[in-house]
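Asks: Next input, structure requested:
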Amino acid sequence: MQKAGNNRRQAIKSGATAALTAAAVASDSPVRAEKSYDTIIGRFRTGDSAHKQAARSDYSASMQQFGGSLSSLDPPDSIPGRPGQAQFDVLIVGSGYGASIFAARLAQRRLPSTRIAVLERGAEWVPGDFPDTLGPAAKQSRLEPLLGDRRKVINPTGLYNIVQTDELMIVTANGLGGGSLLNANVVLRPDREVFEQHQWPRALQCRDFLEPYFERAAWELGTQLEPIDFSRKMRAQRIAAERLSDIGCHFEASALTITRSGTNAALPILNRQGMLQRNCIDCGDCMTGCNIGAKNTLAMNYLPLARRHGAMIFSQCEVVKIHPADGHYVVEYMHHCRDDKGAKHSSRRFVTTRMVVLGAGSLGSTEILLRSQQCGFEFSSSLGCSWTANGDALGFVDNSKLCPLTGGTSAYNSDVGPGPTIQSNLTFPYRPHLHDRVLIQDDAACRVYANILGGLFLDMNLDSTMVLTGMGHDGQRGRVVLHSDGYADIHWPGIREGAYRKKIRQEFANIAAAHGGKYRHLNPPHDRMITVHPMGGCSMSDDPRNGVVDDRGRVFNFANGGDCDSDGRGRTYDGLYVCDGAVIPTAIAVNPFITISAVAERNAHLMTLEPEFSDLFVPV
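Replies: Numbers count the residues shown, from 1 in each chain. As a prediction, this is how the structure comes out:
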């Protein structure tokens, strides 16, 4: 452990030296050199600020209505049992978009005697406490980030869950609020043709069926459209899109789930769930955690809504597997905590529940079902199949003549920030074939890694380096399997050399040319592709032979080879659901959280209407 710590410190020190050297090389004047030097040194420092203090104070005040925090650190099995009943009626695993929406909507409709609980593997995070430099961020890696065994869990409740497989690097959040803690806030609905693909169940093969739920989720999450040309990088993308109009490139401002109220920036805003928030200061650190309190994470909306209506929330509880029992389920989990001296401890525990709703993310929900197969379940042979990285890709424009300015500033006073991580969408809506359409978005370099990027591009102020993210239709041919350590692994031979990667890199090259710069890509270790939008593994389908859950998220019972009931529907396990990105059966080529939210809004509503659960929920 000491050696690994020394290696990490040496890597950080080396990064600082490289950054300072790059600044000297890049600077063409004493003034620019001094500015670059100040920028580099500043990014290696962390500390308190007025913005951080205000964010913590706001969160603390908001939590008074819940006794001080949204979640409890006590194990859920400490809740007293009930004679002849399971400890809980509904146990929701995870707290991302699917799980939080189920928790809120079921809690709103629960009868007084109904017990609903949320189990989250990660910790509850307070705005103002997110890391904004490389060293503290590395300590919040759940898995070994640099050297040694890439699958070794070094911090079970670490915020950044970076899974490295042979072909891919998958980056997700680990904390109360799930992906909302680290995403780029973009609300964008997929093309209508996405839902018309044969992999989708018939009940959802028209986007109109989901429109009311898209609207409901967008309203609850507080969606706002970014003003045009609100930042330098947004303006640069608009100009680039205009230069590419002859090939059908279309520019639009992004709709984001952030707070921009137009009121006095020194005053907090009270949102509809009674949570205090602040106006966005355009610092660009959305994807490492908002220290302003401006980001509309699930801890600002659906989770408080769930708590207010009686749901219990437990953090630092990692579900391992589910055991079927007589009329209920036994959920096996690890409780992660610290003793009075701060030492980490984990203990294996069990809790009983009538229903289980899995919302632990594409990898998490799939691996829980894969582990649970040995406990007496018979799931579809499609479990783990149809996994997609949503066509995620990362590219860079070197020496852009449009001066985009992409370096994150975090929660410190700054004359000019890059804006929220993503502010605009470049699309190609008139391409006749769905699989030829892609989405290209601007991106900010979070303060945590801005020095590294600046050193690589000899542009320490990042005022001429454009960061691009892309999404598209990658064919969803990945497969989730269990590694020997019991955690998910992805097998997708050929993805790195496939046609899609060549296509998205050509799209990046076109954008770079429109910037007057040069396209560059940076190869992570082993040339892995990087995704922040893993989906699939428990895909929806009408046929149990082609999917794991039905259109409502109910898990198919494959005991008799996937036969159907008298209504022609695949048989399902009573009270066993999946509600997150794992159920999405194809790539959707846009930021996925609003689609996951819409599906969850629909399925949570339909669950409360099931006659077999009429003793749990208030009738319509």
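
Asks: Which residue ranges of the stretch 451-600 of the chain form strands?
Replies: Assigned by DSSP state E, counting those that start in this stretch, the strands in the stretch 451-600 of the chain fall at 466-471, 479-482, 488-491, 518-520, 529-531, 554-556, 572-578.

Asks: TSV for these, including mean pLDDT and mean neighbour count?
Replies: Quick note: C-beta positions are derived from backbone N, CA and C, even for glycine. Output for these, formatted as TSV (pLDDT from 0 to 100; neighbours: other Cβ atoms under 10 Å):
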stretch	mean pLDDT	mean neighbour count
strand 466-471	98	25
strand 479-482	97	18
strand 488-491	96	22
strand 518-520	96	16
strand 529-531	95	22
strand 554-556	98	25
strand 572-578	97	22
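
Asks: got those strands as TSV, with distance to residue 448 columns?
Replies: Formatted as TSV, those follow (distance: least, Cβ to Cβ, whole Å):
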stretch	distance to residue 448
strand 466-471	14
strand 479-482	29
strand 488-491	25
strand 518-520	20
strand 529-531	16
strand 554-556	38
strand 572-578	32
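
Asks: Compare these and give me the one nearest residue 584.
Replies: strand 572-578 (10.5 Å; Cβ to Cβ).

Asks: what's next to the closest one, contact-wise?
Replies: 102, 322, 324, 329, 354-359, 365, 369, 377, 538, 548-550, 552-557, 603, 607, 612 (Cβ atoms under 8 Å, 6 or more residues apart in numbering).

Asks: Now, of the residues you listed, which are buried?
Replies: 102, 322, 329, 354-359, 365, 369, 377, 538, 548-550, 552-557, 603, 607 (16 or more other Cβ atoms under 10 Å).

Asks: Inside helices: which ones of the residues you listed?
Replies: 102, 365, 369, 603, 607 (DSSP state H).

Asks: With pLDDT and distance to residue 90 added, can I get the residues you listed in JSON lines?
Replies: As requested, these are arranged in JSON lines below (pLDDT from 0 to 100; distance: Cβ to Cβ, whole Å):
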{"residue": "102", "pLDDT": "98", "distance to residue 90": "8"}
{"residue": "365", "pLDDT": "98", "distance to residue 90": "16"}
{"residue": "369", "pLDDT": "98", "distance to residue 90": "18"}
{"residue": "603", "pLDDT": "98", "distance to residue 90": "13"}
{"residue": "607", "pLDDT": "97", "distance to residue 90": "9"}
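
Asks: So which of the residues you listed is the closest to residue 463?
Replies: Out of these, the member with the shortest distance to residue 463 (by Cβ to Cβ) is residue 365, at 41.8 Å.

Asks: how far away is the residue nearest in space to the middle of the chain from residue 552?
Replies: Centre of the chain computed as the mean C-alpha position; nearest residue by Cα atoms, centre = their mean is residue 179, 2.5 Å away. Using Cβ to Cβ, to the nearest Å, residue 179 is found at 22 Å from residue 552.

Asks: which residue ranges form the helices in this protein?
Replies: Going by DSSP H, the chain shows helices at 2-26, 30-43, 50-62, 97-109, 134-139, 192-195, 211-221, 232-243, 302-308, 361-372, 447-457, 499-514, 593-608.

Asks: Show me the strands in the stretch 251-400 of the chain, by range?
Replies: With DSSP E, counting those that start in this stretch as the criterion, the stretch 251-400 of the chain has strands spanning 255-256, 269-270, 276-277, 312-314, 317-324, 329-338, 344-358, 393-398.

Asks: Which one, of the ones you listed, ends up nearest to residue 449?
Replies: strand 393-398 (11.9 Å).

Asks: Off-centre distance for the closest one?
Replies: 21 Å (Cα atoms, centre = their mean, to the nearest Å).

Asks: Could you export that strand as CSV, CA atoms only?
Replies: The C-alpha coordinates for strand 393-398 follow below in CSV (Å, rounded to 0.1, in the frame of the first residue of the first chain):
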residue,chain,number,x,y,z
ALA,A,393,-16.0,9.0,-28.1
LEU,A,394,-13.6,11.8,-27.0
GLY,A,395,-11.7,14.0,-29.4
PHE,A,396,-9.7,17.3,-29.4
VAL,A,397,-9.2,20.2,-31.7
ASP,A,398,-5.6,21.4,-31.4
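
Asks: Pull the residues that contact stretch 600-618.
Replies: Against stretch 600-618 from outside (Cβ under 8 Å, 6+ apart): 89-90, 97-98, 101-102, 105-106, 109-111, 114, 209-210, 213, 216-217, 355, 359, 552-553, 574, 577, 579-580, 620.

Asks: Buried among those? Make that a ChimeraX selection.
Replies: Of those, the buried ones can be selected in ChimeraX as follows, counting by 16+ other Cβ under 10 Å:
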select :89,90,97,98,101,102,105,106,109,110,114,210,213,216,217,355,359,552,553,574,577,579,580
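
Asks: returning to that earlier point: turn the ones in helices among the buried ones among the contacts of strand 572-578 into a markdown table, including distance to residue 296.
Replies: Converted to a markdown table, those look like this (distance: Cβ to Cβ, whole Å):
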| residue | distance to residue 296 |
| --- | --- |
| 102 | 18 |
| 365 | 24 |
| 369 | 30 |
| 603 | 22 |
| 607 | 25 |
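
Asks: quick one: which of these is nearest to residue 221?
Replies: residue 102 (15.1 Å).

Asks: which non-adjacent residue is nearest that closest one?
Replies: residue 604 (4.7 Å; Cβ to Cβ, 6 or more residues apart in numbering).

Asks: Around the one you found, how many other residues sit close by?
Replies: 25 (other Cβ atoms under 10 Å).

Asks: same thing with the one 5 residues further on?
Replies: Other residues near residue 609 come to 12 when the count uses other Cβ under 10 Å.

Asks: Start at 184, not 1
Replies: Let's use 184 as the start, then, which means that last one is residue 792.

Asks: quick one on the thing from earlier: tell me the one of the ones in helices among the buried ones among the contacts of strand 755-761 nearest residue 678?
Replies: Of those, the one sitting nearest to residue 678 (Cβ to Cβ) turns out to be residue 548, at 21.7 Å.

Asks: Distance-wise, check that closest one relative to residue 394.
Replies: From residue 548 to residue 394 the distance is 26 Å (Cβ to Cβ).

Asks: Over to residue 570?
Replies: 27 Å.

Asks: quick one: buried residues of stretch 772-783?
Replies: For stretch 772-783, by 16+ other Cβ under 10 Å, it's 772-783.

Asks: likewise stretch 683-695?
Replies: Neighbour count says stretch 683-695 has 683-684, 686-687, 690-695 buried, by 16+ other Cβ under 10 Å.
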